[in-house]
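> Based on what follows, work out the 3D shape:
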Amino acid sequence: MTQASKSYLELLRAFQQRLEAARKPAAESRWILGHAADLDDKQLAARLMQAVPPDVEQTAWAMLNLRLTGYPLQLLLGQTEFYGLRLRVERGVLIPRPETEGLVEQALGCLPAKVEARVLDVGTGSGAIALAIKAMRPQATVWATDINPKALELAGQNALELGLEVTFLEAPFTADLSELDLIVSNPPYLPDSYRPEAPPELAYEDPSALYAGLEGLDVARELLPHAWKALKPGGWLWLELAPENAYTLLGEASAQGWRGARVLRDLAQQPRYLACQKPSHSPTESEDEDADLLIPDSE
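Down below sits the predicted model:
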């Protein structure tokens, strides 16, 4: 069998070997070849013994070689899955990560269903957080901010394709919104010192969505007072942070007067999420009475 007439199975095996040698998941071979051939998993499985058309093989090899240089798989495919939603992704915009699905899950836990809450996603990127919350809480009014026009354009396209109504604003932090019930953010949290050792995949994303000063806390720290002003009494702020910084910001938030500040762990048991609540104006109200939204236990 000539190289141009390899079967899908032979090509998959060749791709798997190259990926494993580069310490990348062998499963990516299926996604790359399926995308090049415009086949889903079931269609690809049904054609394993069939010959791969020469143009498909050429395209697939080009994609694989680009992936082996460190080009993100999501950008090769032009899309990614996030909290059950299929989102477009583009170079220069932050690619949603599984850890951020955990942030959405935690935030939804304190946002009761069928409540007409006012929610803001700060630094929306592709729109992942805002769109996931809107999909799960249709009655909520959801806004999202970003300072990257390209990200906002992409987020708007994702919202349109998913049929979800989110208002996207080109603005830093909270865009002077007020009386919010919930603010959720995955701010940049990598320290600048990480740049030289960062994996090559990060070079294709927006650096302003990745790096945040000496400690990686510049943006998250600045968000705290903006969130305080934008939230209504009893409103919640949820942040995704680097594990080494979560408890640092926890202490700072508590010192600034945020109530019930706590850190929750991700699926890898790393301290990843910070939750804190703006207290009620009235000092006589109990903590239970002034909590408009509920938060699950941290353990």
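> Off-centre distance for the biggest strand by length in the chain?
Counting residues, the longest strand found in the chain (DSSP state E) is strand 231-240. Centre-to-centre, strand 231-240 and its host chain are 19 Å apart (CA atoms, centre = their mean, to the nearest Å).
> What strands line up against it, and which way round?
strand 180-185 (parallel), strand 271-277 (antiparallel) (DSSP bridges).
> Any chance you could list what contacts it?
The contact list for strand 231-240 (CB atoms under 8 Å, 6 or more residues apart in numbering) reads 99-100, 102-103, 106-107, 110, 118, 178-187, 189, 220, 223-224, 227, 249, 258, 272-281, 290-293, 295. Where you see a C-beta, it was placed from the backbone N, CA and C, and this is true even at glycine.
> for stretch 203-221, same thing?
Contacts of stretch 203-221 (CB under 8 Å, 6+ apart): 70-72, 75, 91-95, 123, 125, 147-148, 150-151, 185, 187-195, 198, 202, 239, 241-242, 245, 248-249, 252.
> Mind checking which of those are buried?
71-72, 75, 93-95, 123, 125, 148, 151, 185, 187-191, 202, 239, 241-242, 245, 248-249, 252 (16 or more other CB atoms under 10 Å).
> In strands only, show me the residues you listed.
185, 239.
> Mind checking which of the buried ones among the contacts of stretch 203-221 are in helices?
75, 151, 248-249, 252 (DSSP state H).
> Out of the residues you listed, flag the one nearest to Leu9.
Using CB to CB, Leu75 comes nearest to Leu9 of these, at 26.6 Å.
> didn't the closest one look like it was pressed against Ile95?
Yes - applying CB atoms under 8 Å as the test, Leu75 and Ile95 come out as touching, 7.4 Å apart.
> for the protein, what are the low-confidence residue spans?
Applying pLDDT under 70 to the chain flags the ranges 1-4, 281-299.
> which residues does the spatially most central residue of it contact?
The centroid of the chain falls nearest to Pro96 when counting by CA atoms, centre = their mean (3.1 Å). Applying CB under 8 Å, 6+ apart to Pro96 gives the contacts 80, 82, 87, 89, 125-126, 128.
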